[in-house]
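S.K.: sharing a sequence plus its predicted fold:
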Amino acid sequence: MVTSSLVVVICLALLFDYTNGFHDAANSIATIVSTKVLTPFQAVLWAAAFNFIVFFFIKEHKVANTVSKIVVEHFVTIPVLLAGLIAAISWNLITWWFGIPSSSSHTLIGGFAGAGITNALYMGSSAASAVNMGYILKIIAYIVLAPFLGLLFAYIVTIIVLHLSKNSRPSSAEKWFKRLQLLSSAALSFAHGGNDAQKVMGIIYVALIAAKVIPSGSHMPDWVPLACYTAIALGTLSGGWKIVKTMGSRITKITPLEGVSAETAGAITLFFTEHFGIPVSTTHTITGSIIGVGLTKRLSAVRWGVTINLVWAWIITIPVSALIAAGVFALLRVIG
């Protein structure tokens with residue numbers, strides 16, 4: 001049954017998708033802005049267009065399916081989803097305000113799991129019984145693996161590109177790399193939309209099941225993907241300039257050649273994980289790719305102090321989001 005609480009959950013889910021867009025827009029456009037191939041305004045238009053275009057190409061939403069199964073269905077209620085979304089939106093806004101490129105994906109997962117575990121404890125069940133550990137362990141594994149895959153692919157792509165262009169004139173090569181960066185940036189934005197929008201689809205899907213609007217295991221309504229891809233594209237249009245500065249210049253200095261390599265590697269990693277239904281972090285992936293590009297020059301080309309600070313932000317995202325969600329869920333019980 002469609003209730004006001006369900007409508008609030010859907011609106012908050014789309015709001016989160018919107019904040020995901022402007023929070024992660026920086027990841028999609030940081031390199032192409034820092035290399036001055038596009039202006040910031042042109043870059044967000046470019047990224048937003050490809051965030052939305054993916055709607056017409058992806059029909060099997062494997063990442064959404066993974067997210068929908070993080071919390072055991074018995075413990076999924078509308079208050080659980082409300083608490084998880086409020087926590088995720090709060091952490092997204094906090095990290096955006098301070099210019100920290102944390103993971104929107106992991107704050108959503110942390111919030112959802114934290115609220116589900118809290119509900120299980122209130123119901124007299126154990127914390128472990130509230131979550132599907134197979135999915136949780138897969139996500140935790142790729143918190144580590146995704147940036148390393150991005151790093152590895154970026155290193156390999158950069159070496160190959162350098163070898164192929166070693167006899168080219170610098171001015172001519174740079175002109176071609178600027179053109180190619182339009183394609184690599186488009187591929188990264190396409191992959192970003194395909195991976196990140198699906199996480200919110202999973203939340204809306206389980207909300208519809210919890211409210212008994214659709215039966216468990218049924219097909220996801222067609223309006224859900226359309227709404228999610230639209231929300232993330234609109235969020236990308238809003239930009240995220242503080243995080244652009246961190247991603248585009250503070251980790252390592254980026255040239256058009258390196259921008260092509262980093263974006264291509266990030267897109268390959270996201271396409272790979274999306275194919276297997278793994279909700280990885282675009283932030284982690286592109287950061288690893290930028291580091292991989294820097295390593296082709298020398299170890300000192302990467303500003304490791306900045307990178308270590310980013311890693312600490314990644315480590316605390318899931319537990320902090322889970323704690324915020326637990327507090328919000330407890331508050332909702334008190335007032336409702």
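M.R.: Yes, it's here. For clarity, every value in this text was computed on a predicted model and none was experimentally measured. Numbers count the residues shown, from 1 in each chain.
S.K.: what's the first helix or strand after the longest helix along the chain?
M.R.: Counting residues, the longest helix found in the chain (DSSP state H) is helix 170-210. Remark: after helix 170-210, the chain's next helix or strand is helix 223-237, criterion DSSP states H and E.
S.K.: give the buried residues for that next one.
M.R.: 224-225, 227-237 (16 or more other C-beta atoms under 10 Å). (Each C-beta comes from the backbone N, C-alpha and C, glycine too.)
S.K.: ok, so of the residues you listed, who is nearest Leu188?
M.R.: Nearest to Leu188 among those is Thr236, at 11.8 Å by C-beta to C-beta.
S.K.: now the buried residues of helix 223-237 as JSON lines including distance to Glu174 and pLDDT?
M.R.: What follows is those, written out as JSON lines (distance: C-beta to C-beta, whole Å; pLDDT from 0 to 100):
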{"residue": "Val224", "distance to Glu174": "43", "pLDDT": "97"}
{"residue": "Pro225", "distance to Glu174": "39", "pLDDT": "96"}
{"residue": "Ala227", "distance to Glu174": "41", "pLDDT": "96"}
{"residue": "Cys228", "distance to Glu174": "38", "pLDDT": "96"}
{"residue": "Tyr229", "distance to Glu174": "34", "pLDDT": "95"}
{"residue": "Thr230", "distance to Glu174": "36", "pLDDT": "96"}
{"residue": "Ala231", "distance to Glu174": "37", "pLDDT": "95"}
{"residue": "Ile232", "distance to Glu174": "32", "pLDDT": "93"}
{"residue": "Ala233", "distance to Glu174": "30", "pLDDT": "92"}
{"residue": "Leu234", "distance to Glu174": "34", "pLDDT": "91"}
{"residue": "Gly235", "distance to Glu174": "32", "pLDDT": "88"}
{"residue": "Thr236", "distance to Glu174": "27", "pLDDT": "85"}
{"residue": "Leu237", "distance to Glu174": "29", "pLDDT": "81"}
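S.K.: export the residues you listed to JSON lines and tack on distance to His284?
M.R.: What follows is the buried residues of helix 223-237, written out as JSON lines (distance: C-beta to C-beta, whole Å):
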{"residue": "Val224", "distance to His284": "26"}
{"residue": "Pro225", "distance to His284": "24"}
{"residue": "Ala227", "distance to His284": "26"}
{"residue": "Cys228", "distance to His284": "21"}
{"residue": "Tyr229", "distance to His284": "22"}
{"residue": "Thr230", "distance to His284": "25"}
{"residue": "Ala231", "distance to His284": "22"}
{"residue": "Ile232", "distance to His284": "18"}
{"residue": "Ala233", "distance to His284": "22"}
{"residue": "Leu234", "distance to His284": "24"}
{"residue": "Gly235", "distance to His284": "19"}
{"residue": "Thr236", "distance to His284": "18"}
{"residue": "Leu237", "distance to His284": "23"}
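S.K.: pLDDT below threshold where in the stretch 201-336 of the chain?
M.R.: 239-254, 298-310 (pLDDT under 70).
S.K.: run a quick neighbour tally on Val9.
M.R.: Counted with other C-beta atoms under 10 Å, the neighbours of Val9 add up to 25.
S.K.: got the phi/psi numbers for it?
M.R.: phi -60, psi -50 (degrees, to the nearest 10).
S.K.: look up how far Asp222 lies from it.
M.R.: To Asp222, Val9 is 19 Å away according to C-beta to C-beta, to the nearest Å.
S.K.: circling back: between the buried residues of helix 223-237, which is nearest Ile58?
M.R.: Distances from Ile58 to the buried residues of helix 223-237, taken by C-beta to C-beta, are shortest for Pro225, at 7.9 Å.
S.K.: that closest one and Gly114, how far apart?
M.R.: When Pro225 is compared with Gly114 (using C-beta to C-beta), they lie 26 Å apart.
S.K.: can you give me the helices for this structure?
M.R.: With DSSP H as the criterion, the chain has helices spanning 4-34, 40-53, 62-68, 78-97, 104-122, 133-164, 170-210, 223-237, 241-245, 256-275, 282-295, 304-335.
S.K.: Ser216: which of those helices is closest?
M.R.: Here helix 170-210 is closest among the helices of the chain (C-beta to C-beta), at 5.2 Å.
S.K.: how about Gly277, what does it touch?
M.R.: Going by C-beta atoms under 8 Å, 6 or more residues apart in numbering, Gly277 touches Lys62, Val63, Asn65, Thr66.
S.K.: burial measure for the closest residue to Pro215 other than its chain neighbours, as a count.
M.R.: The spatial neighbour of Pro215 that comes closest, neighbours along the chain excluded (C-beta to C-beta, 6 or more residues apart in numbering), is Ile209 at 7.3 Å. By the criterion of other C-beta under 10 Å, Ile209 has 17 neighbours.
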